[in-house]
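In: Pasting the sequence and the predicted coordinates here, then a few questions.
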Amino acid sequence: MSVQDVRAFNRFYTGVIGALDYGRHLYAPYTLTEARVLYELAHAARLDAADLRTRLGLDAGYLSRILNRFEDGGLIERGPSDSDPRRRRVRLTGPGREAAGLLDERARDTVGALLGTVAPRDRTRLAEAMRAIRGILGDDSATGPGEVVLREPGPGDLGWIVQRNAALYAAEYGWDSDYEGLVARIVADFAEDHDPHRERVWIAELDGRPAGCVMCVRDDAPGTARLRLLLVEPEARGHGIGDRLVRAVIGFAREAGYRDLVLWTNDVLGSARRIYQRHGFALVAEKPHRSFGQDLLGQDWRLELHGPGD
């Protein structure tokens with residue numbers, strides 16, 4: 001392999017993803033670097049300016065000018081770091097989240113259109129090739145054992161959600177086929193009619209195999225989204241998959257403009273309830289019921305996605 005081979009691939013790939021095609025308005029009105037800064041701020045719980053500089057390999061003066069423009073435009077707020085008063089914490093404001101969400105939506109649509117040109121049988125091979133490139137060039141997280149990837153469902157994945165929910169809850173909690181029927185209806189409703197900008201399903205893969213899932217759908221209450229069907233396979237537990245799935249739902253619901261995120265669960269699902277609590281959900285109601293062949297205590301949980309100032 002030669003330098004020319006690598007440069008040829010780089011030219012090809014930047015052309016495919018449109019990185020240099022500003023006429024497609026992927027980043028407008030921001031530069032590619034500014035769009036990447038917004039992405040990092042939108043996908044981290046808290047970041048200091050020093051963290052951003054390290055993650056993106058940016059010159060301190062260049063990053064400072066970007067952040068100054070963002071602050072003047074009302075996209076970010078800066079203050080003392082929680083961990084070190086000498087550092088400056090950076091967080092997105094409400095308009096900043098909206099801008100990051102719009103850029104992320106454009107990127108998803110663009111990549112989705114690109115993947116639409118790839119035959120389903122070739123997508124796994126493409127993903128494996130991408131992971132191989134990342135791993136060979138120094139991204140240790142790309143190919144090591146225990147890699148977790150969140151992706152959109154492909155052919156057969158919705159059926160997998162129904163099958164695994166039914167089998168897992170029967171084995172672990174003794175739930176009968178009524179639960180399988182409930183899951184099948186939820187999944188069928190999503191498959192038949194959903195708004196991709198407001199509703200979504202995630203499949204978690206561990207080392208290339210499905211290991212978990214979750215859904216975000218519109219609730220009957222205006223401005224409210226509902227988290228449904230969180231599942232992590234027993235052999236995949238301990239890798240933080242449940243946390244990543246719930247975090248994905250919260251981020252998506254916030255970017256989609258929902259005010260609240262709700263869910264219904266049962267008190268016997270202790271691991272799931274602890275995940276919800278870690279992410280700020282509050283228990284708002286409990287009610288005993290007889291379902292799925294068991295006596296259960298149903299619970300409603302709620303998370304407020306936007307504060308009064310957002």
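Out: It's in.

In: hey, let's count contacts and neighbours off CA atoms from now on
Out: Will do.

In: Ala285 falls within a helix, correct?
Out: No - under DSSP: H, G, I helix; E, B strand; the rest coil, Ala285 sits outside any helix and is assigned strand.

In: show me the contacts for it.
Out: Under the criterion of Cα atoms under 8 Å, 6 or more residues apart in numbering, the contact partners of Ala285 comprise 299-301.

In: do the same with Val183
Out: Remark: with contacts taken as Cα under 8 Å, 6+ apart, Val183 is in contact with 162, 165-166, 229.

In: Which secondary structure state does it sit in?
Out: When the structure is split into helix, strand and coil by three-state DSSP, Val183 lands in helix.

In: Tell me the helix or strand right after the lowest-mean-pLDDT helix or strand in the chain.
Out: Of all regular secondary-structure elements in the chain, judged by mean pLDDT, DSSP states H and E, the least confident is helix 140-143 with a mean of 51. Downstream of helix 140-143, the next assigned helix or strand under DSSP states H and E is strand 148-151.

In: Which pLDDT value belongs to Arg108?
Out: If you check Arg108, the pLDDT there is 80.

In: ok, now Leu305?
Out: According to the per-residue confidence, Leu305 scores 91 in pLDDT.

In: In space, not sequence, find me the middle residue of the protein.
Out: In the chain, the C-alpha nearest the mean C-alpha coordinate belongs to Ala248, at 2.8 Å (Cα atoms, centre = their mean).

In: Point out the ones among the contacts of Ala285 that are inside helices.
Out: The helices, defined by DSSP state H, take in nothing from the contacts of Ala285.

In: could you dump those residues to TSV with neighbour count, pLDDT and distance to Tyr179?
Out: Written out in TSV, the entries for the contacts of Ala285 read as follows (neighbours: other Cα atoms under 10 Å; pLDDT from 0 to 100; distance: Cα to Cα, whole Å):
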residue	neighbour count	pLDDT	distance to Tyr179
Gln299	17	96	16
Asp300	16	97	18
Trp301	21	97	20
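
In: which one of those is nearest Cys213?
Out: Proximity to Cys213 was ranked across those by Cα to Cα; first place goes to Trp301, at 18.9 Å.

In: distance of that closest one from Val262?
Out: Between Trp301 and Val262 the distance is 6 Å, computed by Cα to Cα, to the nearest Å.

In: So which of the contacts of Ala285 are in strands?
Out: Among these, the residues falling in strands (DSSP state E) are 299-301.

In: could you pull out the strands for the stretch 101-250 of the chain?
Out: For the stretch 101-250 of the chain, the strands defined by DSSP state E, counting those that start in this stretch occupy 148-151, 200-206, 209-218, 224-232.

In: weakest of those by average pLDDT?
Out: When the strands of the stretch 101-250 of the chain are compared by mean pLDDT, strand 148-151 comes last with a mean of 87.

In: Let me see the residues that make contact with it.
Out: With contact meaning Cα under 8 Å, 6+ apart, strand 148-151 is reached by 202-208, 239, 241, 245.

In: let's see it at 10 Å
Out: Residues outside strand 148-151 that contact it (Cα atoms under 10 Å, 6 or more residues apart in numbering) are 141-142, 201-213, 236, 239-241, 244-245, 248.

In: ok, back up a step: nearest to Ser291, of the contacts of Ala285?
Out: Each of the contacts of Ala285 was checked against Ser291 using Cα to Cα; the closest is Gln299, at 13.3 Å.

In: Just give the nearest non-adjacent residue to that closest one, would you?
Out: Taking Cα to Cα, 6 or more residues apart in numbering, and ignoring the residues beside it in sequence, Gln299 has Glu286 as its nearest neighbour in space, at 4.5 Å.

In: Of the contacts of Val183, which pair is most distant in space?
Out: Checking these against each other with Cα to Cα, the farthest-apart pair comes out as Ala166 and Leu229, at 11.0 Å.

In: mind listing what's buried in the longest helix anywhere in the chain?
Out: When the chain is scanned for its longest helix (criterion: DSSP H), the result is helix 94-115. Neighbour-count burial for helix 94-115, counted by 16 or more other Cα atoms under 10 Å, picks out 94, 96-106, 110.

In: Identify the farthest-apart pair in those residues.
Out: Gly94 and Thr110, at 24.4 Å, using Cα to Cα across the buried residues of helix 94-115.

In: what about Arg78, how many neighbours?
Out: Around Arg78 there are 15 other residues, counting by other Cα atoms under 10 Å.

In: Also Pro29?
Out: Around Pro29 there are 12 other residues, counting by other Cα under 10 Å.

In: try Leu182
Out: A count of neighbours around Leu182, defined by other Cα under 10 Å, yields 14.
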